[in-house]
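J.: Just a sequence and a predicted model for now, questions to come.
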Amino acid sequence: MMIEFIIDVLKISLATSVITGIGGIFGFITSFLSVVITKTYSRKALFRWRVYLWYCMLGLWIGVILIILDLIKPISIHSYLNLGTKFGILAWVLGLSGLMWIFFRIARLETIIFNKPSVNFQKKFIEFGGECIDRVIKQPFQNQKPVYPIILAADESWRPWRIAEKFSENALNKGSGIIWFWFARPPHNITKNPNRVDIDCFSAFAERIFKDDIRNGILYADPRNPHEMNKKYEEAIEHLKKSKCLCVIYDALSDFLYFSDEEIAAQYLRHNMFWEEKNHINSLYIFRTGTLKQELEGYILWFANSVITLTTDKQDNPIMKTRGLFNDPRCFKIDYDLNLCEISDCNV
């Protein structure tokens, strides 16, 4: 019965004025949607739908072109009349339907909740390998003050990833689980360990496709897609849920924010840091200073319970600034091995 209905529709002859009206309306709507999509296309959160957007717009424009061709020279085969207009309407409706589905997903983008499994990890102090940084963190930690998540802010000259490597090594030596997000470079210098999972967020920019291998402790995620990153995070947590303690390293938070959509990334970070604090996760966020807009950089630094900044004073002497570890911000004179630890005036 449906086939008979379709055949009857194909045999209907359409007046030129009707085809003109349909083509005009479809053309106007398609042009308007093209402008809207072009303006929103650059948003980083939409990258995973860009191919689908292109196909949807292709369907819309093919529909309009078929209608115009049918208006110029009616396309008919035997008793089937105005096929250009009819197939054009079909292509246009399919393109619009796909577009509406994408718009619906975009509308829900800001309200999607990042879920993680319920876990019960123990609190455990993990050394960073530098006398000064260990001392200033250990005191409030032993006093049951919420220390983690910690943002370690520094520029490249401090090589903050070396601090993270020592932190990871000490955690594994104490039997803790480690999850390491790699944003700035692919995983390297890694010794396989059943208590370690590396999430490679760097290689997603390569043309080849990488396959997850959780048994060997390696997962892949695209930093432009926080939802995918969250799924891989959940998978890594599930893999390490038998660990008594869990440490998470983000190398580096600034690279993630640079490539990801700011609004979605901020929501993801707020959720992560709250969840990590609630479940006693020792999370370390490496933050390379000077890579983001000053307003965004200042906003992100407010998320963590503690911020440790490695910098220099006005005389170019190395100092370490802390915020959140004590009742007041403090500064310490240090050396580049983080061993010297003398309280200093933050205004010097």
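T.: Sure, I can see it.
J.: what about stretch 283-293, start to end distance?
T.: Taking Cα to Cα, to the nearest Å, the first and last residues of stretch 283-293 lie 24 Å apart.
J.: Quickly list what residue 249 is bridged to.
T.: Judged by DSSP bridges, the bridge partners of residue 249 are residue 180, residue 284.
J.: ok, which stretches of the stretch 1-150 of the chain are strands?
T.: 150-154 (DSSP state E, counting those that start in this stretch).
J.: where does it have low pLDDT?
T.: Counting by pLDDT under 70, the low-confidence segments of the stretch 1-150 of the chain come to 1, 5-10, 39-48, 107-114.
J.: how about whichever strand or helix holds residue 233: buried residues?
T.: Using DSSP states H and E, residue 233 falls within helix 226-239. Neighbour counts over helix 226-239 (16 or more other Cβ atoms under 10 Å) mark 226, 228-230, 232-233, 235-237, 239 as buried. Quick note: C-beta positions are derived from backbone N, CA and C, even for glycine.
J.: again with stretch 254-267
T.: So, applying 16+ other Cβ under 10 Å, buried residues of stretch 254-267: 254-262, 264-267.
J.: Restricted to helices, list those residues.
T.: 254-259, 262, 264-267 (DSSP state H).
J.: which of those lies closest to residue 16?
T.: residue 264 (48.7 Å; Cβ to Cβ).
J.: those helices in the stretch 151-300 of the chain, which residues are they?
T.: 160-173, 226-239, 253-259, 262-278, 294-300 (DSSP state H, counting those that start in this stretch).
J.: how about CSV for those helices, with distance to residue 138 added?
T.: Output for the helices of the stretch 151-300 of the chain, formatted as CSV (distance: least, Cβ to Cβ, whole Å):
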stretch, distance to residue 138
helix 160-173, 13
helix 226-239, 26
helix 253-259, 23
helix 262-278, 18
helix 294-300, 25
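J.: what's the least confident stretch among the ones you listed?
T.: When the helices of the stretch 151-300 of the chain are compared by mean pLDDT, helix 294-300 comes last with a mean of 70.
J.: okay, now the domains of the chain?
T.: 2-111, 131-344 (automatic domain parsing).
J.: Tell me which of these approaches residue 120 most closely.
T.: It is, among the domains of the chain and with distance given as Cβ to Cβ, domain 131-344, at 7.3 Å.
J.: Check the separation of the first and last residues in the closest one.
T.: Domain 131-344 has an end-to-end distance of 16 Å (criterion: Cα to Cα).
J.: Any idea how far that domain is from the middle of the chain?
T.: Offset of domain 131-344 from its chain centre (Cα atoms, centre = their mean, to the nearest Å): 15 Å.
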